[in-house]
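Undergrad: sequence plus predicted model, see below.
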Amino acid sequence: MEKPAKRFRKNIAGLLILFFLSAGTSLSAKVSWAYLWGMRFRPTQDTLFTEDDNSFFVEIENVTPDSVQISVNSLPPNVSFVSQKKETVLIPRDESQGGGYAHGTRIILWMRFAKTGSYRIKPIDLTIDGGFYQIPVEGVEIFQNPRFIHPEVNVIFQNQNLESAKNIKNRILKIKSGEHIVFTVTARYMESIQNIFWNIPEDSIFKQIKEYDFKAAAEEKNFITQFQSVATFDWQPLSEGVHTLPEIFITATSYNGSSEDIQCPVYNFKADRSQELIAETKEENPFVYAFYESEKVSSQKKKIEVKPQEVLALYELHKKERHSFVFSKATAERKDVEQALGLPYDYHEPSVFFFNLLCLVATLFFVTAIVFLVFKRKTLTALFASFFIMSSVFAGIYGVRLKTPRGVFTGGEMSPIPEHNMMTSVTIQAGSVVSIIRSAGEWMYVRHNDTYGWIPSDRVCLIK
(Lines give C-alpha, C1' and ligand atoms only; values in the text may rest on other atoms or scores of the structure.)
Protein backbone atom coordinates (compact mmCIF):
# COMPACT_ATOMS: atom_id res chain seq x y z
CA MET A 1 0.00 0.00 0.00
CA GLU A 2 1.33 3.40 -1.04
CA LYS A 3 2.17 5.81 1.72
CA PRO A 4 -0.06 8.92 2.09
CA ALA A 5 2.87 11.35 1.89
CA LYS A 6 4.13 9.77 -1.33
CA ARG A 7 0.63 9.75 -2.84
CA PHE A 8 0.20 13.43 -1.86
CA ARG A 9 3.46 14.41 -3.62
CA LYS A 10 2.26 12.66 -6.83
CA ASN A 11 -1.08 14.48 -6.74
CA ILE A 12 0.63 17.83 -6.16
CA ALA A 13 2.92 17.20 -9.12
CA GLY A 14 -0.03 16.33 -11.37
CA LEU A 15 -1.97 19.40 -10.30
CA LEU A 16 1.04 21.64 -10.96
CA ILE A 17 1.49 20.16 -14.45
CA LEU A 18 -2.23 20.62 -15.18
CA PHE A 19 -2.10 24.21 -13.90
CA PHE A 20 0.85 25.19 -16.07
CA LEU A 21 -0.67 23.53 -19.14
CA SER A 22 -3.96 25.33 -18.65
CA ALA A 23 -2.16 28.61 -17.96
CA GLY A 24 -0.08 28.18 -21.11
CA THR A 25 -3.21 27.48 -23.14
CA SER A 26 -4.90 30.55 -21.68
CA LEU A 27 -1.91 32.79 -22.42
CA SER A 28 -1.61 31.54 -25.97
CA ALA A 29 -5.29 32.37 -26.53
CA LYS A 30 -4.83 36.02 -25.57
CA VAL A 31 -4.61 38.66 -28.29
CA SER A 32 -1.04 39.69 -29.01
CA TRP A 33 0.28 43.23 -28.74
CA ALA A 34 1.77 42.94 -32.22
CA TYR A 35 -1.68 42.21 -33.68
CA LEU A 36 -3.50 44.99 -31.80
CA TRP A 37 -0.72 47.50 -32.54
CA GLY A 38 -1.98 47.72 -36.16
CA MET A 39 -5.62 48.19 -35.14
CA ARG A 40 -7.34 51.59 -35.51
CA PHE A 41 -10.83 52.88 -34.79
CA ARG A 42 -11.92 54.15 -38.21
CA PRO A 43 -14.96 56.28 -39.09
CA THR A 44 -17.84 54.34 -40.63
CA GLN A 45 -18.85 57.09 -43.06
CA ASP A 46 -16.69 59.05 -45.50
CA THR A 47 -17.65 62.50 -44.21
CA LEU A 48 -18.42 63.43 -40.60
CA PHE A 49 -20.70 66.29 -39.56
CA THR A 50 -21.43 68.41 -36.53
CA GLU A 51 -24.53 67.78 -34.41
CA ASP A 52 -24.75 64.20 -35.69
CA ASP A 53 -23.96 60.77 -34.23
CA ASN A 54 -20.74 59.78 -36.00
CA SER A 55 -19.61 56.16 -35.59
CA PHE A 56 -16.13 54.62 -35.38
CA PHE A 57 -15.39 50.89 -35.49
CA VAL A 58 -12.65 48.29 -35.14
CA GLU A 59 -12.75 44.53 -35.77
CA ILE A 60 -10.66 42.10 -33.69
CA GLU A 61 -10.24 38.45 -34.62
CA ASN A 62 -10.67 35.47 -32.24
CA VAL A 63 -12.30 37.57 -29.52
CA THR A 64 -15.84 37.25 -28.18
CA PRO A 65 -17.92 40.32 -27.26
CA ASP A 66 -18.33 39.25 -23.64
CA SER A 67 -14.54 39.16 -23.17
CA VAL A 68 -14.09 42.84 -24.13
CA GLN A 69 -14.57 45.83 -21.82
CA ILE A 70 -14.39 49.36 -23.28
CA SER A 71 -13.44 52.57 -21.51
CA VAL A 72 -13.58 56.03 -23.10
CA ASN A 73 -11.77 58.10 -20.50
CA SER A 74 -10.83 61.38 -22.13
CA LEU A 75 -12.21 63.30 -25.12
CA PRO A 76 -11.16 66.64 -26.67
CA PRO A 77 -13.30 69.78 -26.16
CA ASN A 78 -16.54 69.88 -28.21
CA VAL A 79 -16.59 66.05 -28.44
CA SER A 80 -19.04 63.93 -26.47
CA PHE A 81 -19.40 60.17 -26.19
CA VAL A 82 -22.88 58.89 -27.13
CA SER A 83 -22.92 55.08 -26.94
CA GLN A 84 -21.11 51.85 -27.80
CA LYS A 85 -21.92 48.44 -29.23
CA LYS A 86 -20.21 45.04 -29.47
CA GLU A 87 -21.26 42.35 -31.95
CA THR A 88 -19.99 39.06 -33.34
CA VAL A 89 -18.87 39.21 -36.98
CA LEU A 90 -17.01 37.24 -39.61
CA ILE A 91 -13.81 39.09 -40.54
CA PRO A 92 -12.24 38.46 -43.99
CA ARG A 93 -8.58 37.47 -43.83
CA ASP A 94 -5.76 38.36 -46.23
CA GLU A 95 -4.46 35.80 -48.68
CA SER A 96 -1.14 35.90 -46.81
CA GLN A 97 -3.02 34.55 -43.78
CA GLY A 98 -4.66 31.78 -45.75
CA GLY A 99 -7.78 33.71 -46.82
CA GLY A 100 -11.28 32.83 -45.69
CA TYR A 101 -12.97 34.33 -42.65
CA ALA A 102 -12.27 34.46 -38.94
CA HIS A 103 -14.73 34.86 -36.08
CA GLY A 104 -14.28 38.05 -34.14
CA THR A 105 -15.85 41.09 -32.52
CA ARG A 106 -16.76 44.43 -34.03
CA ILE A 107 -16.69 47.36 -31.59
CA ILE A 108 -18.67 50.47 -32.59
CA LEU A 109 -18.43 53.82 -30.80
CA TRP A 110 -20.72 56.78 -31.47
CA MET A 111 -19.48 60.33 -30.82
CA ARG A 112 -20.95 63.78 -31.40
CA PHE A 113 -18.97 66.87 -32.43
CA ALA A 114 -20.21 70.36 -31.56
CA LYS A 115 -17.92 72.35 -33.87
CA THR A 116 -16.15 71.93 -37.19
CA GLY A 117 -12.40 71.34 -37.46
CA SER A 118 -9.73 68.64 -37.26
CA TYR A 119 -9.82 66.32 -34.24
CA ARG A 120 -7.34 63.87 -32.71
CA ILE A 121 -8.98 61.57 -30.18
CA LYS A 122 -6.90 59.79 -27.55
CA PRO A 123 -6.57 55.99 -27.80
CA ILE A 124 -9.50 53.95 -26.48
CA ASP A 125 -8.81 51.67 -23.49
CA LEU A 126 -9.76 48.01 -23.95
CA THR A 127 -9.59 45.10 -21.53
CA ILE A 128 -9.55 41.75 -23.37
CA ASP A 129 -9.51 38.57 -21.27
CA GLY A 130 -7.90 40.46 -18.43
CA GLY A 131 -5.23 42.09 -20.60
CA PHE A 132 -5.09 45.90 -20.94
CA TYR A 133 -4.68 47.46 -24.42
CA GLN A 134 -5.04 50.85 -26.09
CA ILE A 135 -6.27 51.26 -29.68
CA PRO A 136 -5.74 54.63 -31.43
CA VAL A 137 -8.51 56.52 -33.28
CA GLU A 138 -7.89 57.90 -36.76
CA GLY A 139 -7.80 61.68 -37.01
CA VAL A 140 -10.92 63.15 -38.62
CA GLU A 141 -12.12 66.36 -40.25
CA ILE A 142 -15.57 67.50 -39.12
CA PHE A 143 -17.77 69.52 -41.49
CA GLN A 144 -20.82 71.66 -40.84
CA ASN A 145 -24.00 69.59 -40.80
CA PRO A 146 -25.71 69.90 -44.22
CA ARG A 147 -29.07 70.40 -42.51
CA PHE A 148 -27.84 73.78 -41.23
CA ILE A 149 -25.94 74.94 -44.31
CA HIS A 150 -27.39 77.39 -46.81
CA PRO A 151 -26.55 76.85 -50.49
CA GLU A 152 -23.83 79.04 -51.99
CA VAL A 153 -23.04 80.16 -55.55
CA ASN A 154 -19.94 81.68 -57.08
CA VAL A 155 -18.75 82.99 -60.46
CA ILE A 156 -15.54 81.97 -62.28
CA PHE A 157 -14.52 84.10 -65.26
CA GLN A 158 -12.87 82.44 -68.25
CA ASN A 159 -11.19 85.76 -69.07
CA GLN A 160 -7.99 85.47 -67.03
CA ASN A 161 -7.60 89.22 -66.49
CA LEU A 162 -11.07 89.37 -64.92
CA GLU A 163 -10.55 86.27 -62.75
CA SER A 164 -7.33 87.73 -61.32
CA ALA A 165 -8.89 91.13 -60.62
CA LYS A 166 -12.36 90.18 -59.35
CA ASN A 167 -11.30 89.67 -55.72
CA ILE A 168 -10.01 93.25 -55.38
CA LYS A 169 -12.52 95.00 -53.15
CA ASN A 170 -14.63 97.87 -54.59
CA ARG A 171 -12.94 97.68 -57.97
CA ILE A 172 -14.72 98.10 -61.30
CA LEU A 173 -13.40 95.59 -63.81
CA LYS A 174 -12.37 97.16 -67.12
CA ILE A 175 -13.47 95.66 -70.45
CA LYS A 176 -14.02 96.71 -74.03
CA SER A 177 -17.55 97.25 -75.31
CA GLY A 178 -18.33 94.26 -77.48
CA GLU A 179 -15.90 92.01 -75.59
CA HIS A 180 -17.19 88.52 -74.86
CA ILE A 181 -17.18 87.82 -71.12
CA VAL A 182 -17.45 84.06 -70.60
CA PHE A 183 -18.10 82.94 -67.03
CA THR A 184 -19.22 79.81 -65.20
CA VAL A 185 -21.70 79.75 -62.32
CA THR A 186 -20.72 77.26 -59.61
CA ALA A 187 -22.63 76.05 -56.55
CA ARG A 188 -22.21 73.94 -53.43
CA TYR A 189 -24.06 72.87 -50.27
CA MET A 190 -27.22 71.96 -52.16
CA GLU A 191 -28.92 68.66 -52.84
CA SER A 192 -30.34 69.53 -56.25
CA ILE A 193 -31.04 72.44 -58.59
CA GLN A 194 -34.67 73.00 -59.51
CA ASN A 195 -34.31 75.97 -61.83
CA ILE A 196 -31.89 78.63 -63.06
CA PHE A 197 -33.07 81.93 -64.54
CA TRP A 198 -31.65 85.37 -65.27
CA ASN A 199 -32.42 88.97 -66.21
CA ILE A 200 -30.72 90.28 -69.36
CA PRO A 201 -29.42 93.86 -69.02
CA GLU A 202 -29.93 96.50 -71.69
CA ASP A 203 -27.47 97.04 -74.54
CA SER A 204 -25.98 93.56 -74.31
CA ILE A 205 -26.20 90.06 -75.72
CA PHE A 206 -26.45 87.24 -73.20
CA LYS A 207 -26.95 83.52 -73.56
CA GLN A 208 -26.23 80.21 -71.89
CA ILE A 209 -23.69 78.18 -73.84
CA LYS A 210 -23.22 75.13 -71.62
CA GLU A 211 -25.10 73.28 -68.91
CA TYR A 212 -23.49 70.77 -66.55
CA ASP A 213 -24.79 67.78 -64.63
CA PHE A 214 -24.87 69.01 -61.07
CA LYS A 215 -23.69 65.93 -59.18
CA ALA A 216 -24.78 66.93 -55.70
CA ALA A 217 -25.45 63.91 -53.50
CA ALA A 218 -28.71 63.16 -51.82
CA GLU A 219 -27.02 61.16 -49.11
CA GLU A 220 -24.84 62.86 -46.53
CA LYS A 221 -22.07 60.29 -47.00
CA ASN A 222 -21.51 61.76 -50.47
CA PHE A 223 -21.64 65.35 -49.26
CA ILE A 224 -19.34 67.49 -51.41
CA THR A 225 -17.72 70.64 -50.02
CA GLN A 226 -16.21 71.95 -53.27
CA PHE A 227 -17.98 74.23 -55.75
CA GLN A 228 -19.38 72.38 -58.76
CA SER A 229 -20.12 73.87 -62.19
CA VAL A 230 -23.77 74.59 -62.98
CA ALA A 231 -23.77 76.52 -66.28
CA THR A 232 -21.49 78.63 -68.49
CA PHE A 233 -22.68 81.92 -70.03
CA ASP A 234 -21.47 84.36 -72.66
CA TRP A 235 -22.21 88.06 -72.01
CA GLN A 236 -21.36 90.84 -74.46
CA PRO A 237 -21.95 94.49 -73.44
CA LEU A 238 -22.54 96.54 -76.62
CA SER A 239 -22.13 100.10 -75.35
CA GLU A 240 -19.75 102.17 -73.29
CA GLY A 241 -20.28 102.90 -69.60
CA VAL A 242 -20.59 100.91 -66.39
CA HIS A 243 -22.42 97.58 -66.70
CA THR A 244 -23.50 95.16 -64.01
CA LEU A 245 -23.14 91.43 -64.49
CA PRO A 246 -26.55 90.00 -65.48
CA GLU A 247 -28.60 88.90 -62.50
CA ILE A 248 -28.59 85.11 -62.26
CA PHE A 249 -30.76 83.24 -59.76
CA ILE A 250 -30.72 79.57 -58.81
CA THR A 251 -33.64 77.82 -57.15
CA ALA A 252 -32.04 75.01 -55.16
CA THR A 253 -33.05 72.35 -52.66
CA SER A 254 -30.90 72.47 -49.56
CA TYR A 255 -30.01 69.41 -47.49
CA ASN A 256 -32.75 70.18 -44.98
CA GLY A 257 -35.36 69.86 -47.75
CA SER A 258 -36.24 73.55 -48.08
CA SER A 259 -36.26 75.42 -51.38
CA GLU A 260 -34.12 78.55 -51.60
CA ASP A 261 -33.45 81.21 -54.25
CA ILE A 262 -29.80 82.28 -54.39
CA GLN A 263 -28.40 85.13 -56.46
CA CYS A 264 -24.92 85.09 -57.95
CA PRO A 265 -22.38 87.69 -56.75
CA VAL A 266 -22.68 91.12 -58.36
CA TYR A 267 -19.74 92.55 -60.35
CA ASN A 268 -19.47 95.90 -62.13
CA PHE A 269 -17.67 96.42 -65.44
CA LYS A 270 -16.57 99.65 -67.09
CA ALA A 271 -16.78 99.27 -70.86
CA ASP A 272 -14.59 101.50 -73.03
CA ARG A 273 -15.14 102.15 -76.72
CA SER A 274 -13.93 99.25 -78.84
CA GLN A 275 -12.22 99.51 -82.19
CA GLU A 276 -14.95 97.49 -83.86
CA LEU A 277 -17.62 100.09 -82.97
CA ILE A 278 -19.97 97.43 -81.73
CA ALA A 279 -22.64 99.93 -80.67
CA GLU A 280 -23.03 101.30 -84.20
CA THR A 281 -23.00 97.82 -85.67
CA LYS A 282 -25.81 96.86 -83.31
CA GLU A 283 -27.96 99.74 -84.53
CA GLU A 284 -27.47 98.66 -88.14
CA ASN A 285 -28.07 94.97 -87.49
CA PRO A 286 -29.26 94.06 -83.99
CA PHE A 287 -28.94 90.31 -84.73
CA VAL A 288 -25.34 90.34 -85.89
CA TYR A 289 -24.09 88.58 -82.73
CA ALA A 290 -27.22 86.65 -81.89
CA PHE A 291 -25.75 83.33 -83.03
CA TYR A 292 -22.23 83.72 -81.69
CA GLU A 293 -20.66 80.41 -80.65
CA SER A 294 -17.73 80.39 -78.26
CA GLU A 295 -14.61 78.67 -79.59
CA LYS A 296 -13.49 77.72 -76.11
CA VAL A 297 -16.73 76.35 -74.66
CA SER A 298 -19.13 74.08 -76.51
CA SER A 299 -22.80 73.84 -75.77
CA GLN A 300 -23.70 70.48 -74.28
CA LYS A 301 -26.96 69.89 -72.49
CA LYS A 302 -27.31 66.61 -70.73
CA LYS A 303 -30.95 66.05 -69.97
CA ILE A 304 -32.95 62.85 -70.08
CA GLU A 305 -35.46 63.08 -72.92
CA VAL A 306 -38.90 62.02 -71.76
CA LYS A 307 -40.89 60.31 -74.50
CA PRO A 308 -44.65 60.88 -75.02
CA GLN A 309 -45.47 57.31 -73.99
CA GLU A 310 -43.53 57.83 -70.75
CA VAL A 311 -45.51 61.00 -70.03
CA LEU A 312 -48.72 59.04 -70.65
CA ALA A 313 -47.54 56.28 -68.30
CA LEU A 314 -46.86 58.85 -65.56
CA TYR A 315 -50.30 60.35 -66.13
CA GLU A 316 -51.98 56.94 -65.76
CA LEU A 317 -50.02 56.25 -62.55
CA HIS A 318 -51.14 59.60 -61.10
CA LYS A 319 -54.78 58.76 -61.87
CA LYS A 320 -54.41 55.25 -60.43
CA GLU A 321 -52.83 56.65 -57.28
CA ARG A 322 -55.64 59.21 -56.87
CA HIS A 323 -58.32 56.51 -56.97
CA SER A 324 -56.48 54.11 -54.65
CA PHE A 325 -55.95 54.19 -50.90
CA VAL A 326 -53.36 56.56 -49.40
CA PHE A 327 -50.41 54.18 -49.75
CA SER A 328 -50.68 52.16 -52.94
CA LYS A 329 -48.38 50.36 -55.34
CA ALA A 330 -48.98 53.13 -57.87
CA THR A 331 -47.10 55.55 -55.60
CA ALA A 332 -43.98 53.36 -55.54
CA GLU A 333 -44.22 52.71 -59.29
CA ARG A 334 -44.54 56.43 -60.04
CA LYS A 335 -41.59 57.22 -57.80
CA ASP A 336 -39.42 54.69 -59.66
CA VAL A 337 -40.45 56.10 -63.05
CA GLU A 338 -39.77 59.71 -61.97
CA GLN A 339 -36.38 58.73 -60.60
CA ALA A 340 -35.46 56.92 -63.83
CA LEU A 341 -36.45 59.97 -65.89
CA GLY A 342 -34.57 62.42 -63.67
CA LEU A 343 -37.77 64.07 -62.41
CA PRO A 344 -38.12 65.31 -58.83
CA TYR A 345 -40.42 63.12 -56.74
CA ASP A 346 -43.83 64.74 -56.45
CA TYR A 347 -45.81 64.35 -53.22
CA HIS A 348 -48.59 61.79 -52.83
CA GLU A 349 -51.66 62.28 -54.96
CA PRO A 350 -54.68 62.99 -52.72
CA SER A 351 -56.86 59.89 -52.52
CA VAL A 352 -60.56 60.08 -53.41
CA PHE A 353 -61.17 56.92 -51.37
CA PHE A 354 -59.46 58.40 -48.31
CA PHE A 355 -61.46 61.64 -48.62
CA ASN A 356 -64.73 59.68 -48.74
CA LEU A 357 -63.58 57.69 -45.70
CA LEU A 358 -62.92 60.94 -43.80
CA CYS A 359 -66.38 62.21 -44.68
CA LEU A 360 -67.91 58.91 -43.51
CA VAL A 361 -66.04 59.07 -40.20
CA ALA A 362 -67.12 62.67 -39.65
CA THR A 363 -70.76 61.65 -40.36
CA LEU A 364 -70.57 58.77 -37.88
CA PHE A 365 -69.17 61.10 -35.19
CA PHE A 366 -72.02 63.55 -35.90
CA VAL A 367 -74.74 60.89 -35.70
CA THR A 368 -73.24 59.46 -32.50
CA ALA A 369 -73.13 62.94 -30.93
CA ILE A 370 -76.82 63.45 -31.82
CA VAL A 371 -77.77 60.08 -30.26
CA PHE A 372 -76.00 60.90 -27.00
CA LEU A 373 -77.61 64.34 -27.04
CA VAL A 374 -81.05 62.75 -27.26
CA PHE A 375 -80.22 60.52 -24.28
CA LYS A 376 -78.83 63.57 -22.41
CA ARG A 377 -75.34 62.18 -22.03
CA LYS A 378 -73.56 65.52 -21.96
CA THR A 379 -69.98 64.28 -21.56
CA LEU A 380 -70.18 61.81 -24.42
CA THR A 381 -72.05 64.35 -26.55
CA ALA A 382 -69.26 66.90 -26.10
CA LEU A 383 -66.59 64.27 -26.78
CA PHE A 384 -68.08 63.05 -30.05
CA ALA A 385 -68.96 66.59 -31.09
CA SER A 386 -65.28 67.51 -30.74
CA PHE A 387 -64.35 64.40 -32.77
CA PHE A 388 -66.83 65.51 -35.43
CA ILE A 389 -65.34 69.01 -35.59
CA MET A 390 -61.74 67.76 -35.85
CA SER A 391 -62.56 65.17 -38.52
CA SER A 392 -64.60 67.73 -40.47
CA VAL A 393 -61.74 70.25 -40.45
CA PHE A 394 -59.26 67.60 -41.57
CA ALA A 395 -61.66 66.39 -44.28
CA GLY A 396 -62.15 69.99 -45.45
CA ILE A 397 -58.39 70.62 -45.72
CA TYR A 398 -57.88 67.34 -47.53
CA GLY A 399 -60.83 68.11 -49.80
CA VAL A 400 -59.31 71.45 -50.82
CA ARG A 401 -56.12 69.67 -51.77
CA LEU A 402 -58.12 67.05 -53.67
CA LYS A 403 -60.07 69.70 -55.58
CA THR A 404 -56.98 71.74 -56.54
CA PRO A 405 -56.55 70.99 -60.25
CA ARG A 406 -53.24 69.41 -61.20
CA GLY A 407 -51.87 68.04 -64.43
CA VAL A 408 -48.92 66.32 -66.05
CA PHE A 409 -47.13 68.71 -68.43
CA THR A 410 -45.81 67.33 -71.70
CA GLY A 411 -42.82 69.68 -71.53
CA GLY A 412 -41.80 73.06 -72.87
CA GLU A 413 -41.32 76.66 -71.86
CA MET A 414 -43.24 78.62 -69.26
CA SER A 415 -44.08 82.13 -70.45
CA PRO A 416 -44.53 85.24 -68.24
CA ILE A 417 -47.56 86.24 -70.35
CA PRO A 418 -50.04 84.11 -72.37
CA GLU A 419 -48.35 84.63 -75.74
CA HIS A 420 -46.35 82.38 -78.05
CA ASN A 421 -42.74 83.21 -78.99
CA MET A 422 -42.30 85.18 -75.77
CA MET A 423 -38.69 85.28 -74.54
CA THR A 424 -38.38 83.16 -71.41
CA SER A 425 -35.68 81.39 -69.43
CA VAL A 426 -37.91 78.84 -67.67
CA THR A 427 -38.26 75.39 -69.21
CA ILE A 428 -40.30 72.64 -67.57
CA GLN A 429 -39.26 69.05 -68.21
CA ALA A 430 -41.79 66.70 -69.74
CA GLY A 431 -43.57 64.60 -67.13
CA SER A 432 -43.49 67.31 -64.46
CA VAL A 433 -46.63 67.97 -62.41
CA VAL A 434 -48.04 71.51 -62.38
CA SER A 435 -50.73 73.05 -60.16
CA ILE A 436 -53.30 74.96 -62.20
CA ILE A 437 -54.18 78.38 -60.76
CA ARG A 438 -56.57 79.52 -63.48
CA SER A 439 -57.39 79.01 -67.16
CA ALA A 440 -57.80 81.61 -69.89
CA GLY A 441 -58.80 80.20 -73.26
CA GLU A 442 -56.01 78.08 -74.64
CA TRP A 443 -53.66 79.03 -71.79
CA MET A 444 -53.27 77.98 -68.17
CA TYR A 445 -51.59 79.93 -65.37
CA VAL A 446 -49.71 77.32 -63.34
CA ARG A 447 -47.24 76.88 -60.48
CA HIS A 448 -44.23 74.58 -60.69
CA ASN A 449 -41.59 74.48 -57.92
CA ASP A 450 -42.55 77.96 -56.64
CA THR A 451 -42.33 79.35 -60.21
CA TYR A 452 -45.46 80.82 -61.82
CA GLY A 453 -46.23 81.31 -65.51
CA TRP A 454 -48.41 80.50 -68.51
CA ILE A 455 -48.35 77.26 -70.52
CA PRO A 456 -50.59 76.02 -73.39
CA SER A 457 -53.60 74.14 -72.03
CA ASP A 458 -53.37 71.48 -74.77
CA ARG A 459 -50.02 70.37 -73.30
CA VAL A 460 -51.48 69.50 -69.88
CA CYS A 461 -53.06 66.16 -69.00
CA LEU A 462 -55.49 66.90 -66.16
CA ILE A 463 -55.38 64.41 -63.27
CA LYS A 464 -58.97 63.50 -62.46
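TA: Nice, I can see it. Residues are numbered from 1 along each chain as shown.
Undergrad: C-alpha only now, for contacts and for neighbours.
TA: Noted.
Undergrad: which residues in the stretch 151-300 of the chain form helices?
TA: Secondary structure of the stretch 151-300 of the chain (DSSP state H, counting those that start in this stretch): helices located at 160-165, 278-284.
Undergrad: can you check the stretch 1-150 of the chain too?
TA: Counting by DSSP H, counting those that start in this stretch, the stretch 1-150 of the chain has helices at residues 4-29, 33-37.
Undergrad: which of those has the lowest mean pLDDT?
TA: Here the helices of the stretch 1-150 of the chain differ in mean pLDDT, and the lowest is helix 4-29 at a mean of 45.
Undergrad: mind checking the end-to-end distance for stretch 254-266?
TA: Chord length of stretch 254-266, first to last residue, is 22 Å (CA to CA, to the nearest Å).
Undergrad: for it, buried residues please.
TA: 254-255, 259-260, 262-264 (16 or more other CA atoms under 10 Å).
Undergrad: nearest to Leu238, of those?
TA: Top of the list for closeness to Leu238, among the buried residues of stretch 254-266 and by CA to CA, is Cys264 at 22.0 Å.
Undergrad: can you show me the helices along the stretch 351-464 of the chain?
TA: Counting by DSSP H, counting those that start in this stretch, one finds helices in the stretch 351-464 of the chain at the ranges 352-374, 378-403.
Undergrad: between those helices, which one is nearest to Phe249?
TA: helix 378-403 (29.8 Å).
Undergrad: which parts of the closest one are buried?
TA: By 16+ other CA under 10 Å, the buried positions in helix 378-403 come out as 381, 384-385, 387-388, 391-392, 395, 398-399, 402.
Undergrad: about what we covered before: could you work out the most separated pair of the buried residues of stretch 254-266?
TA: Tyr255 and Cys264 (19.5 Å).
Undergrad: is it true that Leu90 touches Ala102?
TA: Yes. Between Leu90 and Ala102 there is a contact at 5.5 Å, judged by CA atoms under 8 Å.
Undergrad: can you give me the strands in the stretch 1-150 of the chain?
TA: In the stretch 1-150 of the chain, the strands defined using DSSP state E, counting those that start in this stretch lie at 42-43, 48-49, 53-61, 68-71, 79-92, 101-113, 117-119, 124-128, 131-135, 140-143.
Undergrad: wait, which of these is closest to Arg188?
TA: strand 140-143 (13.5 Å).
Undergrad: ok so, going back, just put the buried residues of helix 378-403 in TSV and tack on pLDDT and distance to Phe372.
TA: Formatted as TSV, the buried residues of helix 378-403 follow (pLDDT from 0 to 100; distance: CA to CA, whole Å):
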residue	pLDDT	distance to Phe372
Thr381	90	5
Phe384	89	9
Ala385	90	10
Phe387	90	13
Phe388	90	13
Ser391	88	18
Ser392	89	19
Ala395	86	23
Tyr398	83	28
Gly399	84	28
Leu402	80	33
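Undergrad: tell me the two of those that are most distant?
TA: Thr381 and Leu402 (30.6 Å).
Undergrad: in the stretch 51-200 of the chain, where is pLDDT below threshold?
TA: For the stretch 51-200 of the chain, the stretches flagged by pLDDT under 70 are 160, 164-171, 200.
Undergrad: my error: substitute the stretch 351-464 of the chain in the last question.
TA: Where the stretch 351-464 of the chain drops to pLDDT under 70, the residues are 417, 420-425, 450.
Undergrad: out of the helices of the stretch 351-464 of the chain, which is closest to Val311?
TA: Of all the helices of the stretch 351-464 of the chain, helix 378-403 comes closest under CA to CA, at 21.5 Å.
Undergrad: what angle do the closest one and helix 352-374 make?
TA: Here helix 378-403 points in a direction 160 degrees away from that of helix 352-374 (axes from the mean of the first three to the mean of the last three CA atoms, to 10 degrees).
Undergrad: and helix 378-403, what does it pack against?
TA: Packing partners of helix 378-403 (3 or more CA pairs under 8 Å, 6 or more residues apart in numbering; DSSP states H and E): helix 352-374.
Undergrad: so which residues make contact with the helix it packs on?
TA: Helix 352-374 is contacted from outside by 322-326, 378, 380-385, 387-389, 391-392, 394-395, 398-399, 402, using CA atoms under 8 Å, 6 or more residues apart in numbering.
Undergrad: now do stretch 107-121
TA: The contact list for stretch 107-121, computed with CA under 8 Å, 6+ apart, reads 49-59, 75-76, 78-87, 136-144.
Undergrad: just to revisit the earlier point, for Glu179, which of the helices of the stretch 351-464 of the chain is the nearest?
TA: Nearest of these (CA to CA): helix 378-403, 51.8 Å.
Undergrad: check the offset of that closest one from the chain's centre.
TA: Remark: helix 378-403 is offset 37 Å from the chain centroid, using CA atoms, centre = their mean, to the nearest Å.
Undergrad: with stretch 358-377 instead?
TA: Counting by CA atoms, centre = their mean, stretch 358-377 comes out at 47 Å from the chain centroid.
Undergrad: just checking, Val446 touches Pro456?
TA: No. Under the criterion of CA under 8 Å, Val446 is not in contact with Pro456, lying 10.2 Å apart.
Undergrad: that older thread, out of the helices of the stretch 351-464 of the chain, which comes closest to Val182?
TA: When the helices of the stretch 351-464 of the chain are compared by CA to CA, helix 378-403 sits nearest Val182, at 45.4 Å.
Undergrad: go through the strands of the stretch 1-150 of the chain and pick out the most buried.
TA: strand 48-49 (a mean of 24; mean count of other CA atoms under 10 Å).
Undergrad: what comes into contact with it?
TA: Contacts of strand 48-49 (CA under 8 Å, 6+ apart): 54, 113, 116, 140-146.
Undergrad: could you identify the most distant pair in the residues you listed?
TA: So, the contacts of strand 48-49 by CA to CA: farthest apart are Val140 and Pro146, at 17.2 Å.
Undergrad: quick one: Thr232 and Ile209 touch, right?
TA: Yes. With contact defined as CA under 8 Å, Thr232 reaches Ile209; the gap is 5.8 Å.
Undergrad: so what's the residue nearest to Thr186 when sequence neighbours are not counted up against?
TA: The shortest distance from Thr186 to any non-neighbouring residue, by CA to CA, 6 or more residues apart in numbering, is to Ser229 (4.3 Å). Contacts were defined as CA under 8 Å, 6+ apart; by that measure Ser229 touches 184-187, 212, 214.
Undergrad: could you identify which of those has the most neighbours?
TA: Counting neighbours by other CA atoms under 10 Å, Ala187 leads the contacts of Ser229 with 24 neighbours.
Undergrad: verify the contact between that residue and Pro151 for me.
TA: Yes. Using CA under 8 Å, Ala187 is in contact with Pro151, at 7.3 Å.
Undergrad: mutual contacts of the two, please.
TA: By CA under 8 Å, 6+ apart, no residue touches both Ala187 and Pro151.
Undergrad: how many neighbours does the nearest residue to Lys378 once chain neighbours are set aside have?
TA: Sequence neighbours aside, Phe372 is the residue nearest to Lys378 in space, at 7.3 Å (criterion: CA to CA, 6+ apart). By other CA under 10 Å, the residues close to Phe372 number 18.
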